[in-house]
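Colleague: only the shape, not the letters, is given here:
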Ligand code: SDX
């Protein structure tokens, strides 16, 4: 065509890159982490064990698991100087904006003292990231409330410690509800990794230049923030609040089908899954369990969500386009029931996905790799001369 260069097909490199970490079969709704189905990991494992599996490729022995957990615990505190970093933000700053900044700032504390060509230093970086993300995330919430930051506690498990740092105060220790802590841990498991999605591909591309893992994870946080990606859980809650009543569901279904309307049904659809997102099924059951435990099984938003899902799954538009609930559709209802503000939902996603991002970075830098350089199909002007005056 006029103006379009012809490219040697060899130049249009396939963007996909090899990995052994996660397998997705979108047509059949299958998600495997190192070969283990997500449904079995969600039921039988826990987040730190899944972290070990994603990094090392095998489930840990009891001894390895114990050592892994205690090492994570020894890294949960942050450098006291980092606390000052928060003061540069307004109290109403979006916590994802703070996380982009603070996680990137970890490079300033560790980058100069670490050699990432050394496997032992890469492993320390993993522990520092897994351990400090909940501490930093809870600090974002505390900063927004004006309450003092809470130090981590080594007598609590991963999810319980996060809830303690979120909701505990110096005057009133937080009583961890085991059902709620288990639900939070399951949310972490369901969000841990998901193959080469937008944010993970961002981390890989940043890492391919040799950037340090803290800066790469910060780039993943930025990519995850968008409402089409990790920001969808926050967008789902805001959508359910806007719908407000089951009687208004048909109006929003109609808007989602109207091409002239930019509105999309948040929490529905997926680039890869053209069947149920297996995580959504587990999340829905977890949602049911938590709402029952907290005595809010008649939560109006949960009722709207279930009715919205029922109607959409029977609607020819959604059936024909293979649009099903994804991981973000029910997670926000659980987080809200636990008392976590909507603005923190994507931060929770980023916390959980940190191990996925790190595992992909680690897999890439642990073998020979080249800098990523996606090619383009140029559709602009052909060469032309500057007009003579
Ligand atoms: C995550 O990649 C990952 O793995 C991501 C993730 C992970 O764990 O990392 O799974 C997490 O990001 C989940 C997705 C969260 N996002 C949302 O819930 C936002 C709402 N969903 C849509 O924005 C959308 O479904 C996307 C962004 C998720 C996918 O967009 P695509 O790739 O354009 O979807 P598609 O090509 O499959 O769409 C097919 C058709 C299109 O219409 P046509 O152009 O064929 O006419 O379905 C339409 C889309 O317009 N469509 C929707 C829709 N999603 C797709 N129409 C209405 N509502 C929707 N939600």
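Modeller: That came through, no problem. Predicted, not measured: the structure shown is a model, and the values here were computed from it. Numbers count the residues shown, from 1 in each chain.

Colleague: how near is residue 315 to residue 301?
Modeller: Distance check for residue 315 against residue 301: by Cβ to Cβ, to the nearest Å, it reads 21 Å. Glycine gets a C-beta too; all of them are placed from N, C-alpha and C.

Colleague: any idea of the pLDDT on whichever residue of the stretch 151-300 of the chain sits closest to the ligand?
Modeller: The ligand sits closest to residue 269 of the stretch 151-300 of the chain, with a gap of 2.3 Å, by Cβ to the nearest ligand atom. Note for residue 269: predicted pLDDT of 94.

Colleague: what parts of the stretch 101-250 of the chain come near the ligand?
Modeller: Residues of the stretch 101-250 of the chain found near the ligand (Cβ under 6 Å from any ligand atom) are 194, 197, 228, 229, 230, 232.

Colleague: checking the residue lying closest to the second one once chain neighbours are set aside next. Helix, strand or coil?
Modeller: So that's residue 197. Among residues not flanking residue 197 along the chain, residue 229 sits closest, at 7.1 Å (Cβ to Cβ, 6 or more residues apart in numbering). Using DSSP: H, G, I helix; E, B strand; the rest coil, the structure places residue 229 in coil.

Colleague: closest to the centroid, which residue in the protein?
Modeller: In the chain, the centroid-proximal residue (Cα atoms, centre = their mean) is residue 349; its distance is 3.3 Å.

Colleague: roughly how far apart are it and the ligand?
Modeller: 8 Å (Cβ to the nearest ligand atom, to the nearest Å).

Colleague: the helix or strand hosting that residue - contacts with which helices or strands?
Modeller: Residue 349 is part of helix 345-365 when elements are defined by DSSP states H and E. Applying 3 or more Cβ pairs under 8 Å, 6 or more residues apart in numbering; DSSP states H and E, one finds that helix 345-365 makes contact with helix 47-56, helix 95-110, helix 119-145, helix 178-191, helix 198-207, helix 213-224, helix 232-243, helix 328-338.

Colleague: angle of the third one against helix 95-110?
Modeller: What separates the directions of helix 119-145 and helix 95-110 is an angle of 140 degrees, with axes from the mean of the first three to the mean of the last three Cα atoms, to 10 degrees.

Colleague: next to the ligand, which bits of the stretch 251-389 of the chain? Give me the list.
Modeller: So the stretch 251-389 of the chain meets the ligand at 256, 264-272, 321, 323, 326-328 (Cβ under 6 Å from any ligand atom).

Colleague: what about 5 Å?
Modeller: Where the stretch 251-389 of the chain comes near the ligand, counting by Cβ under 5 Å from any ligand atom, the residues are 256, 264, 265, 267, 268, 269, 271, 321, 326, 328.

Colleague: residue 267 is in contact with the last one, correct?
Modeller: Yes. With contact taken as Cβ atoms under 8 Å, residue 328 and residue 267 are classed as touching, separated by 4.7 Å.

Colleague: joint contacts of the two?
Modeller: Residues touching both residue 328 and residue 267 comprise 232, 233, 235, 236, with contact defined as Cβ atoms under 8 Å, 6 or more residues apart in numbering.

Colleague: looking at the residues you listed, which one is closest to residue 96?
Modeller: residue 233 (11.7 Å; Cβ to Cβ).

Colleague: tell me, how many residues neighbour the closest one?
Modeller: By other Cβ atoms under 10 Å, the residues close to residue 233 number 28.

Colleague: residues contacting the closest residue to residue 103 other than its chain neighbours?
Modeller: With Cβ to Cβ, 6+ apart as the criterion, residue 103 has its nearest non-adjacent residue at 4.6 Å, and that residue is residue 218. Counting by Cβ under 8 Å, 6+ apart, residue 218 touches 100, 101, 103, 104, 107.

Colleague: quick one, what contacts the second one?
Modeller: When the contact criterion is Cβ under 8 Å, 6+ apart, the partners of residue 101 are 85, 88, 89, 218.

Colleague: which of those are buried? Put it as a PyMOL command.
Modeller: Buried residues among those (16 or more other Cβ atoms under 10 Å), as a PyMOL selection:
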select buried, resi 85+89+218
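
Colleague: make JSON lines out of the contacts of residue 101 and add secondary structure.
Modeller: Shown next, in JSON lines, are those (three-state DSSP):
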{"residue": "85", "secondary structure": "helix"}
{"residue": "88", "secondary structure": "coil"}
{"residue": "89", "secondary structure": "coil"}
{"residue": "218", "secondary structure": "helix"}
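
Colleague: tell me which of the contacts of residue 101 is nearest to the ligand?
Modeller: Among the contacts of residue 101, and counting by Cβ to the nearest ligand atom, the member closest to the ligand is residue 218, at 17.0 Å.

Colleague: from residue 331, how far out is the residue in the stretch 1-150 of the chain that the ligand sits nearest to?
Modeller: The stretch 1-150 of the chain approaches the ligand most closely through residue 24 (7.4 Å), counting by Cβ to the nearest ligand atom. Computed as Cβ to Cβ, the residue 24 to residue 331 distance reads 18 Å.

Colleague: out of those two, which sits in the busier spot?
Modeller: Of the pair residue 24 and residue 331, residue 331 is the one with more neighbours under other Cβ under 10 Å, namely 29 against 20.

Colleague: which residues touch the closest residue to the more buried one other than its chain neighbours?
Modeller: Spatial nearest neighbour of residue 331, chain neighbours left out: residue 233 (5.0 Å); criterion: Cβ to Cβ, 6+ apart. Taking Cβ under 8 Å, 6+ apart, we find residue 233 in contact with 267, 328, 331, 332, 335, 345, 346, 348, 349.
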